[in-house]
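Q: predicted coordinates and the sequence they were generated for:
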Amino acid sequence: MPSVCAGSASAAPGSVGTELRQDVVSANPSAAARHSDSGVSRGPAFVARPGVMEFSGRMIVRPVQQGARQAEPARDAAARLRFAGNTVRYYPEVDEYVVTVPAGMDENTYSAELMKTGDYQYAHPDWICYPDSTPNDPQFSGQWHHPRIQSPQAWDIGTGNAAIICAFVDTGIDLTHPDLAPNRVPGYNSASHLAEINGGDVSDINGHGTHVAGDGAAIGNNAVGVSGTGWNFRIMMVRTSNVTSGNAFISDILEGARWAADNDAKVVSASYGGVEASSVGTTGTYIKGVGSLFLYAAGNSSTNHASFDYPDVIVVGASDEGDNRAGFSSYGVAVDVFAPGTNILSTTNGGGYGYASGTSMATPVTNGALALIWSVNPSFTAQQVEDFLEQGADDIGNEGNDNVFGWGRINVFRSVQLAMATMGPAHPYAIADTASVLSGTTANVDVLANDFDVNGDAFSITSFTASSVQGGTVVRVVGGGPGGRDVLRYSPPSAGFAGSDSFSYTIIDGGGLLDTAAVSVTVLDPALFRAPENPAHTAPRAGVSYYAIPNLSELPNFGSYTAYASEFVNSVNFPSTDGNFAGSGRADDIAAVFEGYINIPSPGTYTLYTSSDDGSKLYIGSQTVVNNDGLHGMQEASGTIDLQAGRHACRVEFFERGGGAGVIASIAGPGLAKQVIPASMWSHGVPCPCDWNQSGAMNSQDFFDFIASFFASNADFNRDGSTTSQDFFDFLACFFAGS
């Protein structure tokens with residue numbers, strides 16, 4: 001495309017993202033010079049992909065900095081004069097020149113010519129990148145990402161300091177959206193290089209920016225729409241594009257980010273492509289130098305960013321509902337943290353709400369997390385806040401700062417706790433609980449499970465109301481909870497009572513500081529809830545059987561087919577892949593049936609989900625709860641069912657005809673945020689262990705057969721890896737107990 005004239009506000013531009021996919025072969029500014037000097041053809045240093053990341057006819061050039069040139073002022077001056085006739089713009093704060101490529105040359109040739117002089121730190125294209133947004137999907141419901149990063153627990157400490165400004169470099173913002181407009185501060189149009197107060201237009205030209213702003217900073221607790229990671233932050237929009245496609249010059253993206261930091265934004269994020277451009281790191285260093293933080297999206301091209309790592313830019317990848325790397329998300333040593341980035345519900349242009357996926361979403365979610373940490377103490381340094389974010393992350397990859405997930409998936413609650421711990425002694429936090437119980441039964445409520453002390457002090461129950469509001473009874477069960485902690489046992493007021501009830505309790509820490517919370521109890525009619533199977537004998541994991549069935553367009557009657565393979569799996573959590581599905585050994589024309597029991601912790605209404613490519617169904621017992629059948633890409637469907645506590649038979653059927661194959665089963669319910677059904681909930685039925693000969697009945701023959709096995713050293717009854725006297729005693733105990 002032709003080069004763009006200086007000051008052209010309508011020129012096409014750099015890279016938006018849900019994220020600008022970045023499949024540039026190289027962003028190493030000296031690669032072109034090495035290639036040129038070697039005389040060996042190794043391919044161009046910079047490679048454009050039409051419709052993804054394109055040349056603009058412009059370059060971003062930074063001279064070697066003065067620290068390396070103190071004795072050569074004349075050479076430095078000559079380096080700057082070299083492109084005086086084709087300079088579009090100069091940014092003194094980062095010492096970068098945006099220059100046009102001379103006639104008769106291309107970006108690779110010009111970069112090589114500049115770099116071989118030794119006078120420049122880098123010379124790379126002023127890329128034009130294109131959006132790669134995943135379309136909204138109305139089948140996804142709710143802001144699942146908040147429970148995953150523990151936003152609600154962080155909000156128990158604080159919901160955000162209204163003095164902190166979160167800035168988003170994007171396509172603009174809906175100026176009248178009720179979840180955004182009341183908290184807006186004047187912004188900037190970096191494509192026009194004009195502040196909003198001077199007439200710069202920051203209205204959303206594309207729609208992407210409104211979603212991004214809501215991800216990080218939608219107003220909370222206002223009875224409207226959604227919540228950002230923090231509720232009260234001031235929202236600054238830097239519109240960096242004047243074309244409806246949202247594309248932006250990367251030089252405009254970075255200039256806008258610096259403007260935001262210079263105008264009091266504490267956290268600045270860009271949900272665009274181009275992260276591998278060296279100038280991104282330079283802008284990050286500038287922004288941290290003025291006391292703010294800069295985030296940049298890792299990109300949606302599933303690229304391994306292994307060749308760079310910016311010390312002053314927080315690069316953010318996207319995770320999915322199962323805490324996996326989202327299939328589109330880039331990763332690698334350059335990526336610092338991951339954050340939820342699939343099916344994120346947020347604000348949309350026109351005053352509405354919708355879902356989107358991408359590292360474009362993960363990045364502003366992290367923007368809000370940093371602002372929430374900074375709210376603990378606005379005097380924290382930028383480095384302190386970054387450290388709290390990274391040290392508080394949940395380590396979902398290899399231990400420590402690994403080369404895929406960086407520090408892990410952000411956990412805003414843990415990070416806020418780390419920040420609070422530096423502020424001196426604080427009272428413990430007793431967090432309100434909910435519980436459900438069937439009429440005529442009792443429930444142990446582990447009230448301490450979600451309580452915390454930011455100083456790490458031990459705390460315990462010091463008092464509670466022995467009689468609930470409706471006349472139920474509450475008693476302490478000493479050591480009755482996980483880890484030996486105390487729980488409170490609730491009994492409904494009468495056998496026939498059904499409805500709402502409540503009681504309160506108080507905790508105390510080692511310093512004598514107190515806090516009180518309420519427990520809301522729902523007493524349920526057992527006749528309305530499915531009873532569990534509760535098999536007598538189970539083992540961990542679910543079973544899966546694989547079938548080779550060609551040309552399916554919907555799920556078959558599996559009773560008419562024979563499985564060719566089977567195994568046990570920890571959970572039904574298989575993101576879509578073009579390779580072999582799970583352990584089937586097949587990539588196409590594959591069907592699978594997962595069977596087992598899911599352990600429901602408390603009675604209530606549960607929502608079950610399948611996300612699959614192609615079709616799937618989920619059954620509880622014989623009841624179809626989720627119907628996601630048919631030929632389609634990875635999409636989610638859900639259904640609800642009322643369940644008593646206990647182990648319920650669960651079956652997931654799945655098929656894939658061609659292309660990607662994947663299926664994920666998830667659950668949400670009382671006290672259970674939406675999540676992939678975890679391994680801890682799955683089990684499968686096994687025969688009675690005392691039925692040693694597997695005849696289907698336990699009798700004296702099992703006793704004699706076990707004795708024979710024992711003396712043959714082949715009777716590892718307790719499955720500890722060896723046959724010992726303990727196996728003998730364990731078998732006898734089981735046999736004489738009759739189970």
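A: Structure received.

Q: from the chain's centroid, how far away is stretch 466-483?
A: Distance of stretch 466-483 from the chain centroid (CA atoms, centre = their mean, to the nearest Å) equals 36 Å.

Q: in it, what's buried?
A: S468, Q470, G472, V474, G481 (16 or more other CB atoms under 10 Å). Using the backbone N, CA and C atoms, a C-beta is placed for each residue, glycine as well.

Q: farthest pair within those?
A: Across the buried residues of stretch 466-483, no pair lies farther apart than Q470 and G481, at 24.0 Å, counting by CB to CB.

Q: least confident secondary structure element in the chain?
A: The least trusted helix or strand in the chain, going by mean pLDDT, DSSP states H and E, turns out to be helix 31-38, with a mean of 36.

Q: quick one: contacts for I590?
A: I590 is in contact with Y546, Y547, A548, I549, F581, S584, F655, E656, A661, counting by CB atoms under 8 Å, 6 or more residues apart in numbering.

Q: now do the phi/psi pair for it.
A: As for I590, its main-chain torsions (degrees, to the nearest 10) stand at phi -120, psi 140.

Q: for the residue nearest to the spatial centre of the chain, give me its contacts.
A: Of all residues in the chain, the one closest to the mean position by CA atoms, centre = their mean is P340, 2.0 Å from it. P340 sits next to W144, H145, R148, I149, A318, S319, D320, E321, M361, A362, V365, R409 when contact means CB under 8 Å, 6+ apart.

Q: identify the bridge partners of it.
A: P340 has these beta-bridge partners by DSSP bridges: S319.

Q: how near is it to H211?
A: From P340 across to H211, the span is 14 Å (CB to CB, to the nearest Å).

Q: shared neighbours, those two?
A: Counting by CB under 8 Å, 6+ apart, the residues touching both P340 and H211 are M361.

Q: what is the rounded mean pLDDT of stretch 107-124?
A: On average, the pLDDT along stretch 107-124 is 93.

Q: CA atoms only: put it into PDB for me.
A: Extracted C-alpha coordinates of stretch 107-124, given in PDB (Å, rounded to 0.1, in the frame of the first residue of the first chain):
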ATOM      1  CA  GLU A 107      10.600  -2.100   4.500                       C
ATOM      2  CA  ASN A 108      13.000  -5.000   4.600                       C
ATOM      3  CA  THR A 109      15.500  -3.300   2.300                       C
ATOM      4  CA  TYR A 110      15.300   0.000   4.100                       C
ATOM      5  CA  SER A 111      15.600  -1.600   7.500                       C
ATOM      6  CA  ALA A 112      18.700  -3.500   6.400                       C
ATOM      7  CA  GLU A 113      20.300  -0.300   5.000                       C
ATOM      8  CA  LEU A 114      19.700   1.500   8.300                       C
ATOM      9  CA  MET A 115      20.700  -1.300  10.600                       C
ATOM     10  CA  LYS A 116      24.000  -2.100   8.900                       C
ATOM     11  CA  THR A 117      25.200   1.400   9.700                       C
ATOM     12  CA  GLY A 118      25.300   0.500  13.400                       C
ATOM     13  CA  ASP A 119      23.600   3.800  14.200                       C
ATOM     14  CA  TYR A 120      20.100   2.500  15.100                       C
ATOM     15  CA  GLN A 121      18.700   0.400  18.000                       C
ATOM     16  CA  TYR A 122      15.900  -0.800  15.800                       C
ATOM     17  CA  ALA A 123      14.100   0.000  12.500                       C
ATOM     18  CA  HIS A 124      10.800  -1.900  12.100                       C
END
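
Q: mind listing what's buried in it?
A: Using 16+ other CB under 10 Å as the test for burial, stretch 107-124 gives 107-108, 110-116, 119-124.

Q: again, but for stretch 550-568
A: Across stretch 550-568, burial judged by 16+ other CB under 10 Å covers L552, L555, F558.

Q: go on, stretch 578-597?
A: Using 16+ other CB under 10 Å as the test for burial, stretch 578-597 gives 581-582, 584, 586-587, 589-597.

Q: any stretches of this protein with poor pLDDT?
A: By pLDDT under 70, the low-scoring segments of the chain are 1-44, 49-53, 68-71, 129-142, 696, 738-739.

Q: quickly list the domain ranges of it.
A: The chain resolves into domains spanning 31-126, 145-422, 433-528, 538-685, 700-737 when parsed by automatic domain parsing.

Q: each with direction, which strands does the helix or strand encompassing F594 pair with?
A: Secondary structure from DSSP states H and E places F594 in strand 590-600. Strand 590-600 has the following strand partners under DSSP bridges: strand 542-548 (antiparallel), strand 646-656 (antiparallel), strand 682-685 (antiparallel).

Q: right, so those strands: which one is the most enclosed?
A: The highest mean neighbour count among the strands paired with strand 590-600, using mean count of other CB atoms under 10 Å, belongs to strand 646-656: a mean of 23.

Q: picking up where we left off before, against G322, how distant is the residue nearest to the centre of the chain?
A: Distance of P340 to G322, given as CB to CB: 11 Å.

Q: next one: T176
A: From T176 over to G322 (counting by CB to CB), the distance is 37 Å.

Q: more neighbours: which of the two?
A: More neighbours surround G322 than the other of T176 and G322, with 23 against 11 (other CB atoms under 10 Å).

Q: pretty sure that one sits against V572.
A: No. The criterion here is CB atoms under 8 Å, and G322 misses it with V572 at 9.9 Å.

Q: what touches both of the two?
A: Shared contacts of G322 and V572, defined by CB under 8 Å, 6+ apart, comprise I664, V676.

Q: and the buried residues of stretch 107-124, which of them are in strands?
A: Per DSSP state E, strands hold the following members of those: Y120, Q121, Y122, A123, H124.

Q: can I assume N450 sits in a helix?
A: No. Assigned with DSSP: H, G, I helix; E, B strand; the rest coil, N450 falls outside any helix and is coil.
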